[in-house]
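Asks: Output the structure for:
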Amino acid sequence: MNKINVLLDTSPLRSGSHIRGIGTYTRLLKQELEKREDLNVVPVENREDVRHFHKNIQQYDAKSTLIHYPFFDLFFSTLPLFRKFKTVVTVHDVIPLKFPEHYKPGRKGKLRFYKQAFALQSVEAVITDSQASRQDIIKYLKVKPNLVHPIYLAAPPGILAQSEKMQDTVRQKLGLPAQYVLYVGDINYNKNIPQLVKMLKYLPEDIHLVCVGKNFTEQDIPEWRWIEAQVALSDVPNRVQFITNLGVDDLDSLAAIYSGAVAYIQPSLYEGFGLPVLEAMQAKVPVIASKNSSLIEVGGEHAQLVLPEAEAFADAVLTVLKWSKTHRQEVIKAAYTWSQQFSWTKVAEETVAVYKKVLNLS
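Replies: Next up is the predicted model:
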């Protein structure tokens with residue numbers, strides 16, 4: 001059988017998205033797909049690359065060619081209306097449609113949304129990150145159920161438990177507190193950061209909060225003002241630390257920050273997947289997460305799933321603090337084993353299965 005030609009849109013690796021989840025997904029998926037002998041992966045960064053490929057299509061079997069857009073923006077024109085190849089699109093989530101009062105696109109954004117939603121109707125397959133996201137895509141974007149394929153993601157393999165020596169090195173370098181709970185990610189409304197800050201009111205004063213993410217910096221947007229206001233209201237300015245300067249390739253330092261935490265908390269009101277949950281499990285730290293959306297799927301029985309409220313997060317942290325060393329080790333060992341069921345090799349395998357279905361090769 002001829003190889004499948006996959007035109008993979010790699011533009012997220014050349015934009016601000018390269019340090020976000022979209023960039024991580026595109027980069028790790030590309031790496032795994034390129035290892036496969038049944039694929040010919042052709043990275044394309046823009047429409048000119050696609051046109052160039054089409055001009056030279058005679059050297060390929062057109063029946064074995066498709067294009068994969070590994071991201072879908074609701075309010076920007078990322079998916080062309082007219083395409084010369086069968087098309088697969090990854091839609092990670094539709095969170096702005098679930099919380100429309102907090103994600104207002106403006107008039108131009110609304111027009112682009114209708115264009116994007118219309119373009120999505122003619123693709124051959126949609127890949128998404130979870131069953132929760134699949135249901136949302138069917139509901140909000142009106143995609144036929146048989147076209148939406150949930151494929152779970154996996155943590156970057158480089159995030160692993162670090163030695164105490166490495167933890168101490170990073171702790172000193174970044175000035176981390178002795179005891180802290182951790183959050184890694186963005187500050188969007190759905191991330192529910194104010195409730196995470198408020199949690200500190202209900203915890204012993206020697207427990208701090210460390211937040212890692214490039215957007216934890218002063219800026220004139222509602223989400224940051226909410227965080228600042230909650231820090232002041234809870235009177236915890238000396239117990240919250242923001243780390244904004246970790247590079248996308250600085251996985252050892254990130255892994256050490258995970259490993260040194262009392263617990264990792266994913267406080268979100270909603271997630272399309274929640275990759276840091278698996279990262280924390282791989283780094284062997286207990287996980288607390290909101291009991292909603294895909295977090296129920298990703299956390300399974302190996303995360304404390306609670307209401308997305310400050311007191312519930314605090315109660316879960318207090319529970320972790322009461323664990324014996326033996327029980328803590330049992331919990332993180334089981335969670336680590338669970339996390340290893342997710343892998344980028346499996347992501348690639350299931351993605352290729354979608355390709356074959358689209359091309360009628362399965």
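
Asks: rest of the way, CA atoms for contacts and neighbours
Replies: OK.

Asks: Who are the contact partners of residue 232?
Replies: Applying Cα atoms under 8 Å, 6 or more residues apart in numbering, we find residue 232 in contact with no residue.

Asks: How about residue 76?
Replies: Residue 76 neighbours (Cα under 8 Å, 6+ apart): 109, 112, 113, 116.

Asks: Contacts only, for the first one.
Replies: The contact partners of residue 109, by Cα under 8 Å, 6+ apart, come to 75, 76.

Asks: Which of the helices or strands spans it?
Replies: For residue 109, the enclosing helix or strand under DSSP states H and E is helix 106-120.

Asks: What are the buried residues along that helix?
Replies: Taking 16 or more other Cα atoms under 10 Å as the neighbour-count basis, helix 106-120 is seen to contain the buried residues 112, 113, 115, 116, 117, 118, 119, 120.

Asks: farthest pair in these?
Replies: Taking every pair in those and measuring Cα to Cα, the maximum separation is 12.2 Å, between 112 and 120.

Asks: Confirm that residue 181 sits in a helix.
Replies: No - Residue 181 sits outside any helix when classified using DSSP: H, G, I helix; E, B strand; the rest coil, being strand.

Asks: Tell me the bridge partners for it.
Replies: With beta bridges defined as DSSP bridges, residue 181 has these partners: residue 209, residue 263.

Asks: my guess is it contacts residue 212, does it?
Replies: No - under the criterion of Cα atoms under 8 Å, residue 181 lies out of contact with residue 212, with a separation of 11.2 Å.

Asks: if we can go back for a sec, I'd like the buried residues of helix 106-120 written out as a markdown table, with distance to residue 166 and pLDDT added.
Replies: Formatted as a markdown table, the entries for those read as follows, by distance: Cα to Cα, whole Å; pLDDT from 0 to 100:
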| residue | distance to residue 166 | pLDDT |
| --- | --- | --- |
| 112 | 47 | 96 |
| 113 | 46 | 96 |
| 115 | 49 | 96 |
| 116 | 46 | 97 |
| 117 | 47 | 97 |
| 118 | 50 | 97 |
| 119 | 49 | 97 |
| 120 | 46 | 97 |
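
Asks: how near is residue 206 to residue 171?
Replies: Look at residue 206 and residue 171: by Cα to Cα, to the nearest Å, they are 16 Å apart.

Asks: likewise residue 314?
Replies: With distances defined as Cα to Cα, the gap from residue 314 to residue 171 amounts to 23 Å.

Asks: now residue 139
Replies: On the measure of Cα to Cα, residue 139 and residue 171 end up 45 Å apart.

Asks: More neighbours: which of the two?
Replies: Taking neighbours as other Cα atoms under 10 Å, residue 139 and residue 171 compare with residue 171 leading, 17 against 13.

Asks: confidence score at that one?
Replies: As summarised for this prediction, residue 171 has a pLDDT of 96.

Asks: element containing it, please.
Replies: With the criterion set as DSSP H and E, the secondary-structure element containing residue 171 is helix 164-174.

Asks: Next, the buried residues of that helix.
Replies: Within helix 164-174, the residues that qualify as buried by neighbour count (16+ other Cα under 10 Å) are 166, 167, 168, 170, 171.

Asks: so what does it touch, helix or strand wise?
Replies: Using 3 or more Cα pairs under 8 Å, 6 or more residues apart in numbering; DSSP states H and E as the contact criterion, the neighbours of helix 164-174 among helices and strands are helix 251-259.

Asks: which other helices and strands contact the helix it packs on?
Replies: Contacts defined by 3+ Cα pairs under 8 Å, 6+ apart place helix 251-259 against helix 164-174.

Asks: how far does the helix it packs on sit from the chain's center?
Replies: Relative to its chain's centre, helix 164-174 lies at 26 Å (Cα atoms, centre = their mean, to the nearest Å).

Asks: Give me the contacts around that helix.
Replies: If you take Cα under 8 Å, 6+ apart as the criterion, helix 164-174 is touched by 176, 177, 253, 256, 257, 259, 260.

Asks: Surely the second one is in contact with residue 238?
Replies: No - shown here, residue 177 and residue 238 do not form a contact pair, counting by Cα under 8 Å, at 10.4 Å.

Asks: Same drill for those two, tell me which one is more crowded.
Replies: residue 177 (19 against 10).

Asks: Helices of this structure, residue ranges please.
Replies: Residue ranges of the helices in the chain, as given by DSSP state H, are 21-34, 47-55, 95-98, 106-120, 131-141, 164-174, 193-198, 222-234, 251-259, 275-282, 295-299, 310-322, 325-339, 344-358.

Asks: Out of those, which one sits most buried?
Replies: When you average the neighbours per residue for each of the helices of the chain (mean count of other Cα atoms under 10 Å), helix 275-282 leads with a mean of 26.

Asks: Quick one: mean pLDDT over that helix.
Replies: pLDDT averaged over helix 275-282 gives 97.

Asks: residues of stretch 207-227 that come out buried?
Replies: In terms of neighbour count (16+ other Cα under 10 Å), stretch 207-227 has its buried residues at 207-216, 223-224, 226-227.

Asks: should've said stretch 146-162
Replies: With the criterion 16+ other Cα under 10 Å, stretch 146-162 contains buried residues 147-156, 159-162.

Asks: now residue 345, nearest residue through space, not along the chain?
Replies: Leaving aside its chain neighbours, residue 345 sits nearest to residue 32 (6.2 Å; criterion: Cα to Cα, 6 or more residues apart in numbering).
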